[in-house]
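Colleague: sequence and predicted structure below; questions after.
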Amino acid sequence: MRCSRAAELRLQSVPSKPIRTNPIKSAIPDAFRSDRPSGQEGNNDAHVERPEFAGPVKYGELRLPSRYLLSPLAGFTTLPFRRIVRNIGGVGLATTDLVNCRALLEKNSRTMQIIETHDEDQPFAVQIFGSDPGHMAEAAQFLETRHVATIDINMGCPVNRIAGAGSGAGMMCSTESTIKLVQRVVEAVRIPVSVKMRLGWDADNLTAPFFAAEFEQVGVCAIAIHGRTREQGFSGSVSRPGIRKVVEAVRKIPVVGNGDVRSVADAAQMIRETGCQAVSIGRAALANPWIFRQLDQWERTGEFEPAGTFEERLELMKTQFRYMQDAHPPHRAVILFRKMAHWYLKGMRIRKKLRGDFQKVKTTQEFDEALEVIRREGPVGGNRTGVLTDCHVPVPGGPVDKW
Ligand SMILES: Cc1cc2nc3c(=O)[nH]c(=O)nc-3n(C[C@H](O)[C@H](O)[C@H](O)COP(=O)(O)O)c2cc1C
């Protein structure tokens with residue numbers, strides 16, 4: 001899909017705020033490069049110079065406990081995982097996977113499960129998507145009745161099924177209807193409403209600064225910005241200058257910088273180079289669930305403790321599995337957990353045979369036994385400290401139009 005010609009013309013015809021069309025700076029992506037030497041991710045380097053921090057992050061009246069937010073990763077940042085990072089500490093806000101506003105109104109069982117939360121999971125946001133302003137507003141009202149702290153509108157999802165239908169990143173293709181939709185949601189509820197978007201549809205339509213300024217006018221409480229275009233998908237590098245333009249476009253509301261932050265040093269660079277008030281972290285939180293606590297410690301004291309050890313990681317896996325059993329029947333919990341375990345164990349450098357064995361476990365007892373074998377043998381190479389260096393979340397590749 002392309003932004004339609006009509007939409008492009010509409011974008012060009014907005015008189016007071018010119019759309020910037022600077023090409024996205026392209027550079028070798030380094031944050032998730034698999035050839036990054038292990039042990040050099042900076043998560044255990046306790047001396048990272050602190051930038052100047054803005055005041056506390058506020059979403060309307062809601063003051064977030066820290067400026068480090070968990071970015072939604074559909075299928076991964078589920079309630080059990082959110083409880084894990086919350087218990088470790090340092091998380092300012094966590095957001096659910098994106099949910100279809102219509103499915104929410106129909107109380108679809110899978111959707112209702114996605115918006116489940118827990119006392120430990122506060123404050124939390126539900127992220128909604130859709131292209132019908134009425135449905136979006138009604139879904140927001142429904143969430144308000146369920147005591148959700150804040151609602152996030154997804155304007156960044158690049159997947160064709162969503163963007164092609166005018167939701168997600170597709171909303172960046174039309175200005176008037178998008179601003180009206182967002183305004184309608186904001187006006188429908190008393191709780192704060194934020195928007196998460198990308199820099200624009202493509203390098204010729206870097207519309208995020210324009211939208212951010214308009215959204216602030218209609219009462220949006222914060223903008224989260226993933227520093228890539230829709231066309232980039234997950235390729236290339238995050239453009240921090242692009243995020244900076246969004247920061248410069250708003251007057252008061254916080255901007256959350258997002259993309260490729262996987263260490264305290266990366267977060268420092270994000271804050272320093274973009275001026276963003278908050279930072280959200282997705283994939284790196286799976287590799288290092290301690291990252292939020294590290295960031296919070298570092299902001300307060302200038303120092304931070306190392307990420308958890310191999311043994312602590314195993315304990316986290318057991319706890320996450322227990323949380324999964326709270327939400328699902330045991331057999332289902334095992335199957336669901338295997339997906340996470342695949343990435344965790346790979347990052348923990350567990351021998352291939354043992355990883356394969358783990359994928360065959362079917363019961364809680366087999367789960368415990370397989371983990372015990374893994375604990376006894378330990379990682380290949382014997383290093384039981386530090387972060388999961390290879391914990392890459394699978395992202396779609398190839399032409400984004402085919403996703
Ligand atoms: C598997 C996967 C699922 C994602 N699901 C969502 C989602 O539901 N909503 C959303 O706004 N972004 C979603 N994202 C985008 C992330 O929130 C984030 O913007 C992106 O991964 C860049 O941040 P990171 O480099 O810290 O991971 C997803 C990304 C991945 C890799």
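Modeller: Perfect, thanks for sending it.

Colleague: for this protein, just list every one of the strands.
Modeller: Taking DSSP state E as the criterion, the chain carries its strands at 58-59, 62-63, 68-70, 93-100, 124-129, 150-155, 193-198, 222-226, 255-258, 278-281.

Colleague: for the fifth one, packing partners?
Modeller: Spelled out, that is strand 124-129. Under the contact definition 3 or more CB pairs under 8 Å, 6 or more residues apart in numbering; DSSP states H and E, strand 124-129 sits against strand 93-100, helix 101-105, helix 133-145, strand 150-155. Just so you know, the C-beta spots here come from the backbone N, C-alpha and C atoms, and that holds for glycine as well.

Colleague: most packed of those?
Modeller: Mean neighbour count (mean count of other CB atoms under 10 Å) peaks for strand 150-155 among these, with a mean of 26.

Colleague: coming back round to it: between the helices and strands packed on strand 124-129, which one is nearest to residue 118?
Modeller: Among the helices and strands packed on strand 124-129, the nearest to residue 118 by CB to CB is strand 93-100 (10.7 Å).

Colleague: same for the closest one, what does it pack against?
Modeller: The helices and strands touching strand 93-100, judged by 3+ CB pairs under 8 Å, 6+ apart, are strand 68-70, helix 79-88, helix 109-114, strand 124-129, strand 150-155.

Colleague: could you export the strands of the chain as JSON lines, including distance to the ligand and mean pLDDT?
Modeller: Shown next, in JSON lines, are the strands of the chain (distance: least, CB to the nearest ligand atom, whole Å; pLDDT from 0 to 100):
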{"stretch": "strand 58-59", "distance to the ligand": "16", "mean pLDDT": "98"}
{"stretch": "strand 62-63", "distance to the ligand": "19", "mean pLDDT": "98"}
{"stretch": "strand 68-70", "distance to the ligand": "9", "mean pLDDT": "98"}
{"stretch": "strand 93-100", "distance to the ligand": "4", "mean pLDDT": "97"}
{"stretch": "strand 124-129", "distance to the ligand": "6", "mean pLDDT": "97"}
{"stretch": "strand 150-155", "distance to the ligand": "5", "mean pLDDT": "98"}
{"stretch": "strand 193-198", "distance to the ligand": "5", "mean pLDDT": "98"}
{"stretch": "strand 222-226", "distance to the ligand": "4", "mean pLDDT": "98"}
{"stretch": "strand 255-258", "distance to the ligand": "5", "mean pLDDT": "98"}
{"stretch": "strand 278-281", "distance to the ligand": "5", "mean pLDDT": "98"}
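
Colleague: pLDDT weak spots in the chain?
Modeller: Scanning the chain for pLDDT under 70 picks out 1-46, 386-399, 403.
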